[in-house]
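Novice: Got a sequence here, can you build the structure:
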Amino acid sequence: MAVQPSTVHPDVLYPLSMFRLTRGIPRLKYESIEGGEVPQPYLDLLVHSGDMTSRLEEFHGGPIKVRKLSSSSDGRAYFREVVLNTVAEDKPVEYGAIEIELTNLPEEIREEILAAERPLGGILNDHRLSYSSAPRAFLKVSADAAIREALGLDESADVLYGRSNAITGFNRESYARIVEILPPAPVSVG
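Specialist: Residues are numbered from 1 along each chain as shown. Okay, the predicted model is just below:
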């Protein structure tokens, strides 16, 4: 899958880079890799043009909820740094940051987005809102103290995988920019 760099936000870690800067956390050490270099099970979870919510729910066998770490809004855009957890076991399954263009989304779903209880992909799917997902980069990330803390990982967690993604609407309007980083995953979920 060819990934085209963003011309609007050349920083592939945006908006995560913004949260880290605001919180005084050092820059994340990472490298951009080709989709084919992403190992399993991360390959199936990250290298696709669909939403992460559906993939994570299928992989972990149930619904996903949002644990908001921080957020802000200027009325036009909503920014949040989150950990996604399974509902059943409250197990972290993703760490990331998202910028959601509220003005490009129907008003009836904005309140649900601002409640920060469910991932954007689940909300868009439930409301049958047409969108496309386009990964901007696949990431090989050096886990640092901030990510380990957010995901509840110990020092043995070293290399993590993720992606930088853009979600657009039917008319190519921007819905969101997201950086998604996955914790170490079991080879299979029972």
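
Novice: what's the span of stretch 68-86 from first residue to last?
Specialist: Start and end residues of stretch 68-86 are separated by 14 Å (Cα to Cα, to the nearest Å).

Novice: before we move on, what about stretch 160-179?
Specialist: 13 Å.

Novice: Can you list the buried residues in that stretch?
Specialist: For stretch 160-179, burial by neighbour count (16 or more other Cβ atoms under 10 Å) applies to 160-169, 174-179. No exception for glycine: its C-beta is placed from N, CA and C like everyone else's.

Novice: For Lys29, give me phi and psi.
Specialist: The phi/psi pair for Lys29 (degrees, to the nearest 10) reads phi -90, psi 120.

Novice: Just list the residues touching it, thanks.
Specialist: Val141, Ser142, Asp144 (Cβ atoms under 8 Å, 6 or more residues apart in numbering).

Novice: Compare those residues and tell me which is most surrounded.
Specialist: Neighbour count (other Cβ atoms under 10 Å) singles out Val141 as the most crowded of the contacts of Lys29, with 21 neighbours.

Novice: Confirm that that residue sits in a helix.
Specialist: No. According to DSSP: H, G, I helix; E, B strand; the rest coil, Val141 belongs to no helix; its state is strand.

Novice: Renumber starting at 35 from here on
Specialist: Done: numbering now begins at 35, and the last item shifts to Val175.

Novice: so it makes contact with Pro217?
Specialist: No. Counting by Cβ atoms under 8 Å, Val175 does not reach Pro217; the two are 10.9 Å apart.

Novice: ok, Ala210 to Ile201 distance?
Specialist: 4 Å (Cβ to Cβ, to the nearest Å).

Novice: Which neighbours do the two have in common?
Specialist: Leu154.

Novice: What are the boundaries of the helices in the chain?
Specialist: Under the criterion DSSP state H, the chain contains helices at 50-56, 76-80, 86-94, 141-148, 154-160, 179-185.

Novice: Which stretch among the ones you listed approaches Ser104 most closely?
Specialist: helix 50-56 (6.6 Å; Cβ to Cβ).

Novice: Contacts made by the closest one with the rest, please.
Specialist: Asp45, Ile59, Pro60, Arg61, Leu62, Ser104, Phe113, Glu115, Gly130, Ala131, Ala180, Val213.

Novice: again, only this time at 7 Å
Specialist: Asp45, Arg61, Leu62, Ser104, Glu115, Gly130, Ala131, Val213 (Cβ atoms under 7 Å, 6 or more residues apart in numbering).

Novice: before we move on, what about stretch 91-101?
Specialist: The set of residues external to stretch 91-101 that reach it, using Cβ under 7 Å, 6+ apart, is 79, 87, 90, 116-122, 127, 150-153, 223.
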